[in-house]
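**Q** Here is a sequence together with a model predicted from it:
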Amino acid sequence: MSLQTNSQYSLQSRLVLAFSILLILFLGLAGFVLDRVFKESVAAAVEERLQLQIYALLGVAEPDRDGFFIPDLEELRFSQINSGLYGFILNTRGEEVWRSPSAINLDLDEASFMRRRLDPGQSEFGTMESSDQGRLSFASYGTYWSSLDAGFSFVVMESSEPTTAEIREFQSSLYLWFGGLAILLSIAQLLLLRWGMNPLKQLAGELSSIEAGEKDRLELEYPRELQGVSNNLNLLVKSERERQSRYRTTLGDLAHSLKTPLAVIGGIVHQARLHLDESDKERPTRIDELEEQMARMNQIVSYQLKRASSSGTTSYLGVPVRVAPLFEKVTDALEKVYREKGVRLLRSLESNSVFRGEESDLMELAGNLLDNAFKYCKSEIRIRVSTKGDRLQLEIEDDGKGIPKEDRGWVMQRGARGDTLNSGQGIGLAVSVDIVNSYGGDIRVDTGELGGACIRVTL
């Protein structure tokens, strides 16, 4: 038999993970939308700014024989070479009739808009790549000059580097603020979840106190959502302890009732022994066997009726039993019984090890296993008691003949005996298995370091 435990997970961790994913998705989507909106607003501002520059050129442009004459503008960047702001006037064939002094070094022969004809009042906005100036934003506007009876396109171009730098700065600030906001919201979320989960932690703490035998019921006030759970748990604990008490009372009465007929039978057997017929040689042996079986019946009735009241089903509602003193008590008694064997006993008992169940169950388990060890050992027994996590581990080994591997399964069956020479009924190991199973534990038979049998129990 093996002890199985389910993998544990944290409800708080699941909620933190779920909210974190939701927070990341929300902030990521919000950041994407803000970034997109900001880029569109910057592009709209650039388009509007270039359109205003076109209107400024239209306001001062004067046609002459060579094309157009444009006096000095208020925008000084048109007069500065490579200033980042450039102006052009194109005819319907895409030929330049004027360019600003700032665009002297600008090569735009392959610009697509140079080959497009715009109708009067038609405008166009876009971006292009220049080998000299990099990315440029441009706006063009189609016009018609009646004095020249010809159509022209006014074009203004601006370097995209300032707007690109502005967008990068905005993105850096956006990522910084959203990152800080994500950290702040995550911390706030964790604190709020811990505060919200606090009633569950209190409930778990009170249940641990009940399990340890420190409390009889849940005493704290819980939120409305947990009130039904706490009330039902209190009813469960109360009904379970009432059932234990009722079983103990009923079974105690039953044990008392059975002891009386057994006492009468014992008296009859005693009288029969007093009136033995010397000629009957078999009767003394039969009376001895009857007395032995009566003693065994008394022992079985006393223990099984006490054990039936618990059966391990209320192990987590019982008062914790310290293991070390109980084992010392059992070994002291067995050392007196087997004094003639001179057994050398090595004990390694952790003082803080406790058994959460009925003391009578642990006493019966320890008694059966240690009695077998004393009975079948040669001269030495080792006992180890330890605790790992919430598991109690018992290990009892001797230097006897041990139990062969092929016999380790059936010797734990009720009535099975590996040694028929010594006295006994062959139910000690079977009872031990029943007790261990009732507490959801594990019991194994191995070969110990001393060469004999080694019984390992996990509860």
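**A** All right, it came through fine.

**Q** From here on, just use CA atoms for contacts and neighbour counts.
**A** OK.

**Q** following the helix or strand residue 40 falls within, which helix or strand comes up?
**A** Using DSSP states H and E, residue 40 sits in helix 11-60. Stepping forward along the backbone from helix 11-60, the first helix or strand reached (DSSP H and E) is strand 62-64.

**Q** on that earlier part again, packing partners of the helix holding residue 40?
**A** Counting contacts by 3 or more CA pairs under 8 Å, 6 or more residues apart in numbering; DSSP states H and E, helix 11-60 packs against strand 134-145, strand 150-159, helix 161-211.

**Q** Output the below-cut-off pLDDT ranges for the stretch 101-250 of the chain.
**A** Scanning the stretch 101-250 of the chain for pLDDT under 70 picks out the ranges 108-115, 247-250.

**Q** Could you pull up the residues touching residue 96?
**A** For residue 96, the contact set (CA atoms under 8 Å, 6 or more residues apart in numbering) comprises 88, 89, 90.

**Q** and the helices and strands packed on helix 11-60, which is most packed in?
**A** For these, average neighbour numbers computed from mean count of other CA atoms under 10 Å are highest in strand 150-159, which has a mean of 23.

**Q** coming back round to it: for residue 122, find the nearest of the helices and strands packed on helix 11-60.
**A** strand 134-145 (5.3 Å; CA to CA).

**Q** who does the closest one pair up with?
**A** Partners of strand 134-145 in the sheet, by DSSP bridges, are strand 123-130 (antiparallel), strand 150-159 (antiparallel).

**Q** With residue 79 as the reference, name the closest of those.
**A** strand 150-159 (13.4 Å).

**Q** what angle sits between the closest one and helix 11-60?
**A** 140 degrees (axes from the mean of the first three to the mean of the last three CA atoms, to 10 degrees).

**Q** Do you know the pLDDT at the closest residue to residue 71 other than its chain neighbours?
**A** Nearest non-adjacent residue to residue 71, counting by CA to CA, 6 or more residues apart in numbering: residue 60, 7.1 Å away. Note for residue 60: predicted pLDDT of 84.

**Q** cool, and the one 10 residues further on?
**A** As predicted, residue 70 sits at a pLDDT of 80.

**Q** I figured it was touching residue 62, is that so?
**A** Yes. Counting by CA atoms under 8 Å, residue 70 does reach residue 62; the two are 6.2 Å apart.

**Q** more neighbours, the two?
**A** residue 70 (17 against 12; other CA atoms under 10 Å).

**Q** check contacts around that one.
**A** By CA under 8 Å, 6+ apart, the neighbours of residue 70 are 57, 60, 61, 62.

**Q** Export the residues you listed as CSV, with columns for distance to residue 207.
**A** Formatted as CSV, these follow (distance: CA to CA, whole Å):
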residue, distance to residue 207
57, 85
60, 89
61, 90
62, 94
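
**Q** Okay, domains of this structure per the record?
**A** 10-211, 224-308, 318-458 (automatic domain parsing).

**Q** follow-up on the earlier one: quick one, which of the helices and strands packed on helix 11-60 is nearest to residue 33?
**A** Per CA to CA, nearest to residue 33 of those: helix 161-211, 11.3 Å.

**Q** Pull the contacting residues for the nearest residue to residue 174 once chain neighbours are set aside.
**A** Counting by CA to CA, 6+ apart, residue 174 lies nearest to residue 31, which is 7.1 Å off, once chain neighbours are set aside. For residue 31, the contact set (CA under 8 Å, 6+ apart) comprises 174, 175, 178.

**Q** With that, I have no additional questions.
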